[in-house]
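Q: okay, sequence plus prediction incoming.
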Amino acid sequence: MKINNKSNKSFQNKPMSEINVTPLVDVMLVLLIIFMITAPLLTTGVSVDLPTTESQALPGQDEPLTITINKSAEIFIGDNKVKAETLAIKLNAIAGLKKQSRIFIRADEELSYGEVMELMSLITNAGYNKVALLTKQKL
């Protein structure tokens with residue numbers, strides 16, 4: 001019996017048309033682990049020491065706007081520093097005509113009560129009535 005060599009050679013020269021997904025899965029798992037580790041580190045912009053209380057979270061569907069005041073009494077909307085005089089203008093530019101937007105205040109625990117209340121009065125005088133203070137939960 002003679003084997004046809006032509007057919008064997010043509011079979012060996014065909015390119016393989018399968019994709020090896022093992023390296024792709026390995027890379028994706030490594031990226032997933034990296035993002036899982038770094039994501040919690042990116043959540044806070046301005047560093048403040050919030051006071052600790054036993055309060056519960058406020059319910060709501062809309063994304064609140066967060067205003068931070070640090071121990072140097074500097075005011076931040078998100079990560080952007082703003083002056084107290086221009087706070088109302090910036091809030092109106094961000095929230096637009098939606099005066100029912102929720103605003104959360106992150107205030108350093110070393111600030112005096114008067115400084116926090118001054119910030120709250122600036123916000124309420126701009127027409128925003130849903131203002132809340134953020135705290136850390138007691139364990």
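A: Nice, thanks for sending it over. Bear in mind the structure is a predicted one, so any value in this text is a computation, not a measurement.

Q: and the next element down the chain from the lengthiest helix in the chain?
A: Identified as the longest helix of the chain according to DSSP state H is helix 22-38. Scanning forward in sequence from helix 22-38 by DSSP states H and E, the next helix or strand is strand 52-53.

Q: just the residues contacting that next one, thanks.
A: Applying CB atoms under 8 Å, 6 or more residues apart in numbering, the contact partners of strand 52-53 are Thr135, Lys136, Gln137, Lys138. Placement of C-beta: from N, CA and C, glycine included.

Q: same question, stretch 110-119
A: Asp49, Ile67, Ile69, Lys71, Ala73, Ile75, Ala84, Leu87, Ile105, Ala107, Leu133.

Q: looking at those, which one is closest to Ile19?
A: Ile67 (50.3 Å; CB to CB).

Q: quick check: mean pLDDT across the helix or strand hosting the closest one?
A: Assigned by DSSP H and E, Ile67 belongs to strand 65-69. Mean pLDDT, computed over strand 65-69, is 88.

Q: to the chain's geometric centre, what's the distance from that strand?
A: Here the centre of strand 65-69 is set off from its chain's centre by 13 Å, with CA atoms, centre = their mean, to the nearest Å.

Q: could you dump it to PDB, C-alpha only?
A: C-alpha atoms of strand 65-69 as PDB (Å, rounded to 0.1, in the frame of the first residue of the first chain):
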ATOM      1  CA  LEU A  65     -23.300  66.800  44.600                       C
ATOM      2  CA  THR A  66     -20.500  66.600  47.200                       C
ATOM      3  CA  ILE A  67     -19.000  69.800  48.700                       C
ATOM      4  CA  THR A  68     -15.900  69.400  50.900                       C
ATOM      5  CA  ILE A  69     -14.500  71.900  53.400                       C
END
